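Engineer: Could you look at this predicted model? Sequence included:
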Amino acid sequence: MWQFEHKAKAQGYTNIAGVDEAGRGPLAGPVVSAAVILPDNFSCEGINDSKKLSEKKRQALFPIIKEHALAVATGICSHKEIDQINILQASLLSMKRAVENLSTPPEFILPDYLLIDGKFTLNMDLDQNAIIKGDSRSISIASASIIAKVTRDKIMKDLHETYPEYNFIQHKGYPTKAHKEAILKHGPCPIHRTTFKGVKEVIHAG
(Lines give C-alpha, C1' and ligand atoms only; values in the text may rest on other atoms or scores of the structure.)
Protein backbone atom coordinates (compact mmCIF):
# COMPACT_ATOMS: atom_id res chain seq x y z
CA MET A 1 0.00 0.00 0.00
CA TRP A 2 3.05 2.29 0.21
CA GLN A 3 4.59 1.52 -3.20
CA PHE A 4 3.46 4.74 -4.92
CA GLU A 5 4.34 6.94 -1.95
CA HIS A 6 7.82 5.40 -1.67
CA LYS A 7 8.43 5.82 -5.40
CA ALA A 8 7.45 9.49 -5.23
CA LYS A 9 9.66 10.03 -2.18
CA ALA A 10 12.58 8.43 -4.03
CA GLN A 11 12.03 10.97 -6.81
CA GLY A 12 12.41 13.81 -4.32
CA TYR A 13 8.81 14.72 -3.51
CA THR A 14 7.98 15.47 0.12
CA ASN A 15 4.29 16.29 0.54
CA ILE A 16 2.45 13.53 -1.31
CA ALA A 17 -1.34 13.78 -1.22
CA GLY A 18 -3.73 10.93 -1.91
CA VAL A 19 -6.97 12.08 -3.51
CA ASP A 20 -10.30 10.29 -3.93
CA GLU A 21 -14.03 11.02 -4.18
CA ALA A 22 -17.27 9.56 -2.91
CA GLY A 23 -20.71 9.92 -4.42
CA ARG A 24 -20.44 9.58 -8.18
CA GLY A 25 -23.22 7.01 -8.38
CA PRO A 26 -26.03 8.41 -6.20
CA LEU A 27 -29.14 10.10 -7.58
CA ALA A 28 -29.06 12.80 -4.91
CA GLY A 29 -26.71 14.97 -2.92
CA PRO A 30 -23.17 16.20 -3.54
CA VAL A 31 -20.00 14.51 -4.65
CA VAL A 32 -17.36 14.80 -1.94
CA SER A 33 -13.60 14.45 -2.35
CA ALA A 34 -10.77 14.28 0.14
CA ALA A 35 -7.03 14.89 -0.02
CA VAL A 36 -4.76 13.35 2.61
CA ILE A 37 -1.03 13.74 3.29
CA LEU A 38 0.32 11.02 5.59
CA PRO A 39 3.57 11.02 7.56
CA ASP A 40 6.20 8.44 6.63
CA ASN A 41 5.76 6.62 9.95
CA PHE A 42 1.98 6.30 9.66
CA SER A 43 0.74 2.82 10.51
CA CYS A 44 -2.87 1.76 10.84
CA GLU A 45 -4.16 -1.74 10.24
CA GLY A 46 -7.28 -2.14 8.12
CA ILE A 47 -7.09 0.89 5.85
CA ASN A 48 -8.39 -0.03 2.41
CA ASP A 49 -10.77 1.15 -0.28
CA SER A 50 -13.73 2.56 1.68
CA LYS A 51 -16.17 0.52 -0.43
CA LYS A 52 -14.59 -2.67 0.93
CA LEU A 53 -15.05 -1.61 4.55
CA SER A 54 -18.13 -1.70 6.75
CA GLU A 55 -19.61 1.58 7.92
CA LYS A 56 -18.49 0.73 11.46
CA LYS A 57 -14.90 0.18 10.28
CA ARG A 58 -14.88 3.43 8.29
CA GLN A 59 -16.19 5.32 11.30
CA ALA A 60 -13.42 3.82 13.45
CA LEU A 61 -10.65 4.67 10.96
CA PHE A 62 -11.86 8.22 10.23
CA PRO A 63 -10.61 9.85 13.49
CA ILE A 64 -7.34 7.90 13.38
CA ILE A 65 -6.56 9.26 9.90
CA LYS A 66 -7.62 12.79 10.93
CA GLU A 67 -5.43 12.68 14.04
CA HIS A 68 -2.26 11.28 12.51
CA ALA A 69 -2.26 12.73 8.98
CA LEU A 70 -0.07 15.74 8.28
CA ALA A 71 -3.02 17.31 6.49
CA VAL A 72 -6.60 16.41 5.60
CA ALA A 73 -8.98 18.46 3.48
CA THR A 74 -12.27 17.95 1.66
CA GLY A 75 -13.85 19.47 -1.43
CA ILE A 76 -17.50 19.38 -2.43
CA CYS A 77 -19.51 19.84 -5.62
CA SER A 78 -23.24 20.29 -5.09
CA HIS A 79 -26.02 18.49 -6.93
CA LYS A 80 -26.62 21.71 -8.88
CA GLU A 81 -23.02 21.80 -10.07
CA ILE A 82 -23.25 18.12 -11.02
CA ASP A 83 -26.30 18.87 -13.18
CA GLN A 84 -24.53 21.85 -14.76
CA ILE A 85 -21.16 20.31 -15.67
CA ASN A 86 -21.81 16.50 -15.44
CA ILE A 87 -20.68 14.08 -12.76
CA LEU A 88 -17.19 13.41 -14.15
CA GLN A 89 -16.28 17.10 -14.28
CA ALA A 90 -17.88 17.68 -10.87
CA SER A 91 -15.86 14.81 -9.39
CA LEU A 92 -12.63 16.26 -10.77
CA LEU A 93 -13.58 19.74 -9.56
CA SER A 94 -14.33 18.48 -6.06
CA MET A 95 -10.93 16.74 -6.05
CA LYS A 96 -9.24 19.99 -7.11
CA ARG A 97 -11.03 21.84 -4.32
CA ALA A 98 -9.88 19.26 -1.78
CA VAL A 99 -6.25 19.67 -2.90
CA GLU A 100 -6.54 23.46 -2.82
CA ASN A 101 -7.98 23.30 0.69
CA LEU A 102 -4.85 21.52 1.94
CA SER A 103 -2.95 24.78 1.71
CA THR A 104 -5.60 26.88 3.48
CA PRO A 105 -6.22 27.15 7.24
CA PRO A 106 -5.91 25.14 9.38
CA GLU A 107 -3.62 22.84 7.37
CA PHE A 108 -1.29 25.16 5.46
CA ILE A 109 0.51 22.34 3.68
CA LEU A 110 1.01 22.65 -0.06
CA PRO A 111 1.39 19.22 -1.69
CA ASP A 112 4.05 18.78 -4.33
CA TYR A 113 2.74 15.48 -5.73
CA LEU A 114 -0.72 13.97 -6.12
CA LEU A 115 -1.79 10.33 -6.19
CA ILE A 116 -5.28 10.30 -7.68
CA ASP A 117 -7.76 7.45 -7.78
CA GLY A 118 -8.93 6.68 -11.32
CA LYS A 119 -7.62 7.47 -14.77
CA PHE A 120 -7.84 11.26 -14.85
CA THR A 121 -5.43 13.89 -13.56
CA LEU A 122 -6.50 17.29 -12.29
CA ASN A 123 -6.21 20.67 -13.99
CA MET A 124 -3.53 21.86 -11.58
CA ASP A 125 0.13 22.83 -11.86
CA LEU A 126 1.26 19.88 -9.74
CA ASP A 127 2.98 16.63 -10.66
CA GLN A 128 0.42 13.83 -10.53
CA ASN A 129 -0.13 10.13 -10.97
CA ALA A 130 -3.61 8.78 -11.77
CA ILE A 131 -3.90 5.21 -10.52
CA ILE A 132 -6.63 2.79 -11.57
CA LYS A 133 -8.13 1.22 -8.42
CA GLY A 134 -5.76 3.42 -6.46
CA ASP A 135 -8.01 3.28 -3.41
CA SER A 136 -6.97 -0.34 -2.89
CA ARG A 137 -3.34 0.14 -3.96
CA SER A 138 -2.21 3.33 -2.20
CA ILE A 139 -2.41 4.02 1.54
CA SER A 140 -2.86 7.75 0.90
CA ILE A 141 -5.68 7.29 -1.61
CA ALA A 142 -7.36 4.69 0.59
CA SER A 143 -7.24 7.12 3.50
CA ALA A 144 -8.73 9.84 1.30
CA SER A 145 -11.49 7.46 0.22
CA ILE A 146 -12.45 6.86 3.86
CA ILE A 147 -12.48 10.57 4.70
CA ALA A 148 -14.58 11.35 1.62
CA LYS A 149 -17.06 8.54 2.21
CA VAL A 150 -17.62 9.24 5.91
CA THR A 151 -17.93 12.98 5.23
CA ARG A 152 -20.49 12.43 2.48
CA ASP A 153 -22.47 9.93 4.54
CA LYS A 154 -22.72 12.51 7.34
CA ILE A 155 -24.05 15.08 4.84
CA MET A 156 -26.69 12.63 3.62
CA LYS A 157 -27.70 11.73 7.17
CA ASP A 158 -28.22 15.43 7.87
CA LEU A 159 -30.26 15.79 4.67
CA HIS A 160 -32.40 12.88 5.83
CA GLU A 161 -33.70 15.16 8.59
CA THR A 162 -34.95 17.59 5.93
CA TYR A 163 -36.26 14.97 3.50
CA PRO A 164 -37.16 11.93 5.64
CA GLU A 165 -39.53 10.46 3.05
CA TYR A 166 -36.54 9.45 0.89
CA ASN A 167 -34.70 7.63 3.71
CA PHE A 168 -31.29 9.03 2.76
CA ILE A 169 -29.97 7.81 6.12
CA GLN A 170 -30.25 4.25 4.80
CA HIS A 171 -29.08 4.39 1.17
CA LYS A 172 -27.25 7.77 1.08
CA GLY A 173 -28.87 8.63 -2.23
CA TYR A 174 -27.72 5.58 -4.18
CA PRO A 175 -30.20 4.17 -6.74
CA THR A 176 -31.59 1.39 -4.57
CA LYS A 177 -35.02 -0.06 -5.20
CA ALA A 178 -36.41 1.69 -2.11
CA HIS A 179 -34.95 5.04 -3.21
CA LYS A 180 -36.40 4.72 -6.72
CA GLU A 181 -39.78 3.84 -5.26
CA ALA A 182 -39.63 6.93 -3.02
CA ILE A 183 -38.88 9.13 -6.04
CA LEU A 184 -41.83 7.60 -7.90
CA LYS A 185 -44.11 8.19 -4.93
CA HIS A 186 -43.00 11.67 -3.87
CA GLY A 187 -41.26 13.00 -6.98
CA PRO A 188 -37.71 14.40 -6.87
CA CYS A 189 -36.74 16.67 -3.96
CA PRO A 190 -34.53 19.79 -4.23
CA ILE A 191 -31.27 17.83 -3.78
CA HIS A 192 -31.89 15.23 -6.48
CA ARG A 193 -29.64 15.24 -9.54
CA THR A 194 -32.13 16.04 -12.28
CA THR A 195 -29.80 14.99 -15.13
CA PHE A 196 -29.45 11.45 -13.80
CA LYS A 197 -31.50 8.78 -15.55
CA GLY A 198 -33.24 7.51 -12.41
CA VAL A 199 -34.50 11.01 -11.63
CA LYS A 200 -35.03 12.25 -15.18
CA GLU A 201 -37.37 9.36 -15.99
CA VAL A 202 -39.67 10.29 -13.10
CA ILE A 203 -39.69 13.96 -14.09
CA HIS A 204 -40.59 13.11 -17.68
CA ALA A 205 -43.22 10.59 -16.56
CA GLY A 206 -44.85 13.30 -14.48
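Structural biologist: All right, it came through fine. Numbering: from 1, shown residues only.
Engineer: So which bits of stretch 18-36 are buried?
Structural biologist: By neighbour count with 16 or more other CB atoms under 10 Å, stretch 18-36 contains the buried residues 18-23, 26-36. For glycine as for every other residue, the C-beta is placed from the backbone atoms N, C-alpha and C.
Engineer: now swap in stretch 52-64 and tell me
Structural biologist: Leu53, Arg58, Leu61, Phe62, Ile64.
Engineer: The third one belongs to a strand?
Structural biologist: Right, the one you point to is Leu61. No: assigned with DSSP: H, G, I helix; E, B strand; the rest coil, Leu61 falls outside any strand and is helix.
Engineer: Skipping adjacent residues, who's closest to it in space?
Structural biologist: Ile146 (5.3 Å; CB to CB, 6 or more residues apart in numbering).
Engineer: separation between the one you found and Thr74?
Structural biologist: 12 Å (CB to CB, to the nearest Å).
Engineer: Check Leu102 too.
Structural biologist: Counting by CB to CB, the gap from Leu102 to Thr74 is 10 Å.
Engineer: And the strands in this structure?
Structural biologist: For the chain, the strands defined by DSSP state E occupy 16-22, 31-37, 71-77, 113-117, 127-131.
Engineer: Among those, which comes closest to Glu5?
Structural biologist: Closest approach to Glu5 among these (CB to CB): strand 16-22, 5.4 Å.
Engineer: in the protein, which segments are predicted with low confidence?
Structural biologist: 205-206 (pLDDT under 70).
Engineer: anything in contact with each of Ile146 and Thr74?
Structural biologist: Ala34 (CB atoms under 8 Å, 6 or more residues apart in numbering).
Engineer: Of the two, which one has the most company?
Structural biologist: Using other CB atoms under 10 Å as the criterion, Ile146 and Thr74 rank with Ile146 on top: 30 against 21.
Engineer: residues touching the more buried one, list them.
Structural biologist: So Ile146 contacts Ala34, Ile47, Ser50, Leu53, Arg58, Leu61, Phe62, Ile65 (CB under 8 Å, 6+ apart).
Engineer: would you turn those residues into CSV with distance to Leu159?
Structural biologist: Shown next, in CSV, are the contacts of Ile146 (distance: CB to CB, whole Å):
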residue, distance to Leu159
Ala34, 19
Ile47, 27
Ser50, 19
Leu53, 22
Arg58, 19
Leu61, 23
Phe62, 19
Ile65, 24
